[in-house]
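Trainee: have a look at this prediction, sequence included:
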Amino acid sequence: MPVPAVLMCALGAWGLRRDGAMWRDEIVTYDMAHRAPAALWATLRHVDVVHGLYYALMHLWFTAYEAVLGPGGLLGPAFGGAVGRTLGEDVVALRLPSLTAMTVAAAGVALLGNLLVGRRTGRWAGIAFVLLPPVQQYAQEGRSYALVCALVVWACYLLVRIAVHTRQAPGRSRRALWAGYAALMLTACLLHEFAALVLPVHGAALVLGRLPRRTLRTWALTVTGVLTGLAPLALYSTRQSDQLSWLMWPDPLQLLTFAILAATGIACSRARIRSRGPLGLRALGLPLLLLPTLLLFLLSHAEPAYVDRYVLSYMAGFALLAGAALARLLRPAGEDGQTGTRLRRRALALALAVAALLPVDIRLRMPVSRVDDGTAVAHAVRALAGPGDGLLFTPARRRVWVAAHPDAYRDLHDLALRRDPVASHTLYGTERSGDTVRDRMLTTPTGRLVVVGDGPDRPDDPNDQEIAKRTTLREAFVLCRSRAVHGGRVALYARAEVGCGGRRGR
């Protein structure tokens, strides 16, 4: 379906650079994807193994991309070295795989609608999918969620194809389709474990479609194979479950978004829909819209794990139902009682609804739409710091910002750092003891410290190093200047006897 795919590509390309900004999760992607395979493997043994396959794929992507368009690449001179040496110089390479994946997902949603109901439904389903703000958001993000969404959508497409072929030719083998389905779902699950929450959706669709028991058994065996392939990763990742400690109760805005889409999708499902094959559009669309999010929400009662991007594919379920309703409401004049006046009114209402989303779409392409902005932090560091100044990160995990613009920190001395992230096989490096950090703060040659960290509204970490940083700053330093940036704060301190005079900035 070319229209949804072209529309997704166009909307995804609009503001893709986001003014050169990138947030902490994207910086982690860039950092991990640029580690040598041995270093990446060593890191995954300690942290972020759930994203290991994605980082490996991004490593291959960057290797190929830089070999062609990088400063020393095959076409680099012709394009002026389109790929920079740091993420801050060019974020297009980081986000292009997600944009491509979401374009493929939009085409898949359109084909699903076509297969389930008809061409008109497919086109409107694809367009509805593209216009959803979360779809546009993750099409422009250097993380795995768009890839997972695309794989799930195409796994749904193959499952519907299997159902159609089962009804048309009951005796024929469909091993190739089952193998494709298994490969897509296993890859999706290995990219993000919560993709497994889509498997109950497929089971529900087959049951609602009243497929033969033989098909249900084959699906069950296929799912068993997928879960068996996922099991080693799932078991190993439980050792790193403390990485989800930042999750608390689900974000009210995310819950509200789901509630609105769920209610609207259920209302759309009441439209008159004439499904083509054994699997009805409602049989797949409603479970895909509701089940993954509800299951994840239930899991969050045992241990907080709910983030809407973990089940992004529910957007495809909504799009299928909305597409069917739009195809019915905007059918041509003269068809099934449709009048020209009614058609124009409905088209105008749809145009106004799309226009109402425009402010949201514009904000998604601004740095403030994400949690923080590593580029803004780097600019503030350049403005406040001087060569030889000490550097502190509070908390230590904000050291991830360095990977975006290492040149901004190159002339500074990271006083707390014991081993850097690569050497320590971690995301943020390891730090010295609290007493050592205090001593190094008090003896830094310039007597000045650049402190990079969270804003004042964030809670303080209670560990030894962070307590030593805060206490020493309060007792022995004076605040000279500070800059609030999106998602953080950069401050310049000086020892009391040194004072705040002198030339600042670089």
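Mentor: Noted; the coordinates are in hand.
Trainee: so what's the residue count around residue 69?
Mentor: If you count neighbours by other Cβ atoms under 10 Å, residue 69 ends up with 20. All C-beta atoms are positioned from the backbone trio N, CA, C, and that covers glycine.
Trainee: got it, and residue 291?
Mentor: Residue 291: 22 neighbours (other Cβ under 10 Å).
Trainee: my guess is it meets residue 200, correct?
Mentor: Yes. The pair residue 291 / residue 200 is scored as a contact, 5.6 Å apart, by Cβ atoms under 8 Å.
Trainee: which residues touch residue 39?
Mentor: 422, 425 (Cβ atoms under 8 Å, 6 or more residues apart in numbering).
Trainee: how far does the host helix or strand of it sit from the chain's center?
Mentor: Under the criterion of DSSP states H and E, residue 39 resides in helix 37-44. The chain centre lies 22 Å from the centre of helix 37-44; the measure is Cα atoms, centre = their mean, to the nearest Å.
Trainee: which of the residues in it are buried?
Mentor: Buried residues in helix 37-44, counted by 16 or more other Cβ atoms under 10 Å: 40, 42, 43, 44.
Trainee: next structured bit after that helix?
Mentor: helix 52-69.
Trainee: now do that following helix, average pLDDT.
Mentor: Across helix 52-69, the average pLDDT comes to 91.
Trainee: same for the helix or strand just after that helix, what does it pack against?
Mentor: Going down the chain from helix 52-69, the next helix or strand is helix 92-116, by DSSP H and E. Counting contacts by 3 or more Cβ pairs under 8 Å, 6 or more residues apart in numbering; DSSP states H and E, helix 92-116 packs against helix 2-13, helix 24-33, helix 52-69, helix 119-131, helix 133-139, helix 145-168, helix 281-302, helix 314-329.
Trainee: report the angle between helix 92-116 and helix 24-33.
Mentor: Calculated by axes from the mean of the first three to the mean of the last three Cα atoms, to 10 degrees, helix 92-116 forms an angle of 110 degrees with helix 24-33.
Trainee: against residue 144, how distant is the closest residue in space to residue 58 that isn't next to it in sequence?
Mentor: Once flanking residues are discounted, residue 58 sits nearest to residue 33: 3.7 Å by Cβ to Cβ, 6 or more residues apart in numbering. Computed as Cβ to Cβ, to the nearest Å, the residue 33 to residue 144 distance reads 11 Å.
Trainee: for these two, indicate the residue with more neighbours.
Mentor: More crowded of residue 33 and residue 144, by other Cβ under 10 Å: residue 144, with 27 against 22.
Trainee: nearest to residue 435 among the buried residues of helix 37-44?
Mentor: residue 43 (28.2 Å; Cβ to Cβ).
Trainee: got a list of what the closest residue to that closest one other than its chain neighbours touches?
Mentor: Closest residue to residue 43 apart from its sequence neighbours, by Cβ to Cβ, 6+ apart: residue 425 at 4.6 Å. Residue 425 makes contact with 39, 42, 43, 45, 46, 47, according to Cβ under 8 Å, 6+ apart.
Trainee: also residue 152?
Mentor: By Cβ under 8 Å, 6+ apart, the residues touching residue 152 are 184, 185, 188, 195, 198, 313, 316.
Trainee: who's in contact with the helix or strand hosting the second one?
Mentor: The one in question is residue 185. Counting by DSSP H and E, the element that carries residue 185 is helix 175-191. Defining contact as Cβ under 8 Å, 6+ apart, one finds that helix 175-191 is touched by 51, 53-54, 144, 147-148, 151-152, 154-155, 158-159, 161-162, 165, 195-196, 198-199, 218, 222-223, 225-226, 229-230, 233.
Trainee: PyMOL command for the buried members of the residues you listed?
Mentor: Remark: buried members of these, expressed as a PyMOL selection using 16+ other Cβ under 10 Å:
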select buried, resi 51+53+54+144+147+148+151+152+154+155+158+159+161+162+165+195+196+198+199+218+222+223+226+229+230
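Trainee: residue 413 touches residue 386, doesn't it?
Mentor: No. If you go by Cβ under 8 Å, residue 413 and residue 386 don't touch, sitting 11.6 Å apart.
Trainee: with adjacent residues omitted, what lies nearest to residue 484?
Mentor: Here the residue nearest residue 484, using Cβ to Cβ, 6+ apart, is residue 455, at 6.6 Å.
Trainee: any idea how far that neighbour lies from residue 371?
Mentor: Plainly put, residue 455 is 11 Å away from residue 371 if you go by Cβ to Cβ.
Trainee: which residues do those two both contact?
Mentor: Jointly contacting residue 455 and residue 371 under the rule Cβ under 8 Å, 6+ apart are residue 487.
Trainee: check which helix or strand residue 491 maps to.
Mentor: Going by DSSP H and E, residue 491 is part of strand 488-495.
Trainee: so which elements touch that strand?
Mentor: Checking 3+ Cβ pairs under 8 Å, 6+ apart, strand 488-495 ends up next to helix 374-384, strand 448-453, strand 477-485.
Trainee: can you put these in TSV and add mean pLDDT and distance to residue 106?
Mentor: What follows is these, written out as TSV (pLDDT from 0 to 100; distance: least, Cβ to Cβ, whole Å):
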stretch	mean pLDDT	distance to residue 106
helix 374-384	95	29
strand 448-453	96	39
strand 477-485	95	34
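Trainee: out of these, nearest to residue 350?
Mentor: Using Cβ to Cβ, those put helix 374-384 closest to residue 350, at 37.1 Å.
Trainee: buried ones in the closest one?
Mentor: Here helix 374-384 shows 374, 375, 376, 377, 378, 379, 380, 381, 384 as buried, counting by 16+ other Cβ under 10 Å.
Trainee: partners of whatever helix or strand comes next after that helix in the sheet?
Mentor: Where DSSP H and E defines the elements, the next helix or strand beyond helix 374-384 is strand 390-394. Looking at strand 390-394 with DSSP bridges, its partner strands are strand 413-414 (parallel), strand 448-453 (parallel).
Trainee: among these, which is the most enclosed?
Mentor: strand 448-453 (a mean of 24; mean count of other Cβ atoms under 10 Å).
Trainee: surely residue 364 is in contact with residue 134?
Mentor: No. Contact between residue 364 and residue 134 fails when scored by Cβ under 8 Å: they sit 9.0 Å apart.
Trainee: quick one: which of those two has more around it?
Mentor: When residue 364 and residue 134 are compared for neighbours, residue 364 comes out ahead with 23 against 19, by other Cβ under 10 Å.
Trainee: contacting residues for that one?
Mentor: So residue 364 contacts 15, 133, 136, 137, 140 (Cβ under 8 Å, 6+ apart).
Trainee: highest neighbour count among the residues you listed?
Mentor: Result: residue 140 is most packed of those (other Cβ under 10 Å), 26 neighbours.
Trainee: quick one: that one from residue 15, how far?
Mentor: Going from residue 140 to residue 15 by Cβ to Cβ gives 7 Å.
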